[in-house]
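>>> Provided below for reference: sequence and predicted model.
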Protein chains: 2
Amino acid sequence: MLEAKDSEKTPLEKLGEFGLIDHLTQVFTLKQPSTEFGIGDDAAVLKFKDKNVLVSTDQLLEGIHFDLSYMPLKHLGYKAVVVNLSDIYAMNGIPTQVTVSMAVSNRFPLEALEELYSGIQLACEMYQVDLVGGDTTSSDRGLYLSVTAIGQVEENESVYRNGAQPNDLLVVTGDLGGAYMGLQVLQREKEVFKVNPNNQPDLEPYSYIVERQLKPEARKDIVSLLKELDVTPTAMIDISDGLSSEILHLCSKSKVGCMLYEDKIPLDPTVISACEEFKLDSTMVALSGGEDYELLFTIKQEDFPKIKGNPNLTVVGHMTEADRGAHLITRNEQSIPLKAQGWNSFG
Amino acid sequence: MLEAKDSEKTPLEKLGEFGLIDHLTQVFTLKQPSTEFGIGDDAAVLKFKDKNVLVSTDQLLEGIHFDLSYMPLKHLGYKAVVVNLSDIYAMNGIPTQVTVSMAVSNRFPLEALEELYSGIQLACEMYQVDLVGGDTTSSDRGLYLSVTAIGQVEENESVYRNGAQPNDLLVVTGDLGGAYMGLQVLQREKEVFKVNPNNQPDLEPYSYIVERQLKPEARKDIVSLLKELDVTPTAMIDISDGLSSEILHLCSKSKVGCMLYEDKIPLDPTVISACEEFKLDSTMVALSGGEDYELLFTIKQEDFPKIKGNPNLTVVGHMTEADRGAHLITRNEQSIPLKAQGWNSFG
């Protein structure tokens, strides 16, 4: 978890801002036909022709969003890009470019930033997006990342949060709660490490959920899968703050209510066993955990046969008239109002 | 300078992240036909048709880029937007949208962020750009701003840094050194204030340079002026880090040298008198001061008659073959190699 490294350390002031940007970005190559010009001028120049352009932005702060004592810098770079791409997919679009801005204190040597950028580069490769800009500056302490993702979507094919209708089916991709339980495991191991630094944690049984936390993936397969299945979602959002919070966003933007069925919520067996171990309710974890970066969308009932049986997609409920509110129907058939217990950094 | 305020203070945790974004952005209106959808979904949706898209991003950190003891929050919001728009103009483009991300500690009440956003809103009005996204989170201390500016430019009309040719004329807009001298005045007044808080500073004689520092403007007039004059710059950059540093960028990207004439550098009388008062060399201030957000560009010699006599434009030198290097020709006709003494936050 905490690797001992005897490698060389180069202080950042040796390179200066421009030297640092040049050094960190020189290995990046451009892949997207829409990138006319990337890094190295006052602005990037992009060419989307008749397609619409999607823009989304997100921040990651040390001490607020990540803890470098268990988050390797390469994973952090990867995650910073991926969580932004997830927003582009959630619009039914294809991400094409990112810009990455970074404020970093002098305690980070150049080699640490190379690690960070190797993760950014890997994400750019995996998702076929171009790094086209950014800004690098010093901070008085800590590491701050701000990523802007740019994508494209055919005109009239953007899927918003506000298109859900009563009786539409509510569908979620993948499974939920893994990233949150991975975080629980990592935080516990950090405490163990503090007490006894020689104790080597065995994370093997938790590898799925730890990876969900440290190296999440955005659902790049879903936009093309839905096209293949000839299904256009009526509304869509990505699950960054927990299922409950995202359902409430769809409900409020679409002016509908919702019935969510507890027994339908997809959970990986590792999540269930970790919840038992940590004495946490797995439904609560899925509802409020966050950071799974799955997609949540609604479809017309008549499209159900097209998605039925697909292992990537689970129908977890349906939308209702707004005045019926948003409810969880428990395994005991009790109806409980959904509350947004999503993550709030000001809380 | 430091206003005493007895007004109400609302803690941020009262609103939470989504409430805060909604509250701060509700007064913003959309003006650009290219904005299909702004704030309120996973991403903004923009429509540029056959135009190319420009993207630029910049960060402003408390304690590094600004000092709230003399930078009013409204001015900071204004400046954060304007410095990004300057990059779009420097590509010969027109800015159309911005996203603003902010990390802020709990020491800021809601009312402080309202001030900040009133400055952002004013900049959006003045420059006719739409706020279409952003992210708001807490920081463990201080205020961090990250702005991405988006603009449009006709295909094949982007002006890069790399197009200057030997014998092209080097042209600067407005005058230089004001923002840096304004900062000197503000820093001196801060020291005076520390010693005697009852001492009311008289900033009136310095109003031009103080405004250059606190409320800079981007040269939105130049792109259309050059169109009217039928002049297409061969290369262009904005002056954020000082004339010297920007000339060297043009030289290295265009693979040319440069002769800059000291006696041509445009200086406002207020800058000259402030330099005398602070015992600073006004040429050095113009070369290394930064934050003026003027434009620096090169034009073909044959275009000189078109710009001659225009009060906004000053020819300060000409480009040469690369092997002649970049030099300042002093008033005594000495030739001194230009050095990048632009601002480096890692220095």
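Received it, and whenever you're ready, just let me know what you need.

>>> From now on I want contacts and neighbour counts done on CA atoms only, so please keep to that.
Fine.

>>> Mind giving me the packing neighbours of the host helix or strand of A:Val55?
Using DSSP states H and E, A:Val55 sits within strand A:52-61. Where contact means 3 or more CA pairs under 8 Å, 6 or more residues apart in numbering or on different chains; DSSP states H and E, strand A:52-61 is packed against helix A:73-89, strand A:143-153, strand B:44-46, strand B:94-104, strand B:130-138.

>>> Strand partners (parallel or antiparallel) of it?
As defined by DSSP bridges, the strand partners of strand A:52-61 come to strand A:143-153 (antiparallel), strand B:44-46 (antiparallel).

>>> Extract the C-alpha set from it and format it as CSV.
Taking Å, rounded to 0.1, in the frame of the first residue of the first chain, the C-alpha atoms of strand A:52-61 are listed here in CSV:
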residue,chain,number,x,y,z
ASN,A,52,-22.9,19.1,-30.4
VAL,A,53,-20.2,19.7,-27.8
LEU,A,54,-20.5,18.5,-24.2
VAL,A,55,-18.5,20.1,-21.4
SER,A,56,-18.2,18.9,-17.8
THR,A,57,-15.8,19.8,-15.0
ASP,A,58,-14.9,18.3,-11.6
GLN,A,59,-12.4,18.9,-8.8
LEU,A,60,-10.4,16.5,-6.6
LEU,A,61,-8.8,17.8,-3.5
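
>>> gap between that strand and the chain center?
12 Å (CA atoms, centre = their mean, to the nearest Å).

>>> Just the residues contacting that strand, thanks.
A:66, A:80, A:83-84, A:87-88, A:91, A:93, A:142-155, B:42-49, B:99, B:101, B:133-137, B:139 (CA atoms under 8 Å, 6 or more residues apart in numbering or on different chains).

>>> try 6 Å
By CA atoms under 6 Å, 6 or more residues apart in numbering or on different chains, the surrounding residues in contact with strand A:52-61 are A:144-153, A:155, B:43-47, B:134-135.

>>> thought A:Pro109 was touching A:Pro11?
Yes: when contacts are counted by CA atoms under 6 Å, A:Pro109 is listed as touching A:Pro11 (4.9 Å).

>>> can you tell if stretch A:13-25 touches chain B?
Yes: counting by CA under 6 Å from any CA of the partner chain, chain B has neighbours in stretch A:13-25: A:Glu13, A:Gly16.

>>> Pull the number of nearby residues for A:Thr10.
13 (other CA atoms under 10 Å in any protein chain shown).

>>> Confirm that it sits in a strand.
No: read with DSSP: H, G, I helix; E, B strand; the rest coil, A:Thr10 is coil and lies in no strand.

>>> Tell me the residues of the stretch 1-150 of chain A that contact chain B?
So far as CA under 6 Å from any CA goes, the stretch 1-150 of chain A lies against chain B at A:13, A:16, A:42-47, A:49-50, A:52-58, A:87, A:134-135, A:137-138.

>>> redo that, cut-off 7 Å
A:12-13, A:16-17, A:41-50, A:52-59, A:64, A:87-88, A:90-91, A:133-135, A:137-139 (CA under 7 Å from any CA of the partner chain).

>>> Strands along chain A, start to end?
For chain A, strands defined by DSSP state E occupy the ranges A:35-37, A:44-46, A:52-61, A:94-104, A:130-138, A:143-153, A:169-173, A:235-239, A:256-261, A:294-299, A:313-321, A:326-329, A:335-337.

>>> ok, for A:Asn199, nearest residue in space, not its chain neighbours?
For A:Asn199, ignoring the flanking residues on the chain, the nearest one in space by CA to CA, 6 or more residues apart in numbering or on different chains is A:Phe193 at 6.4 Å.
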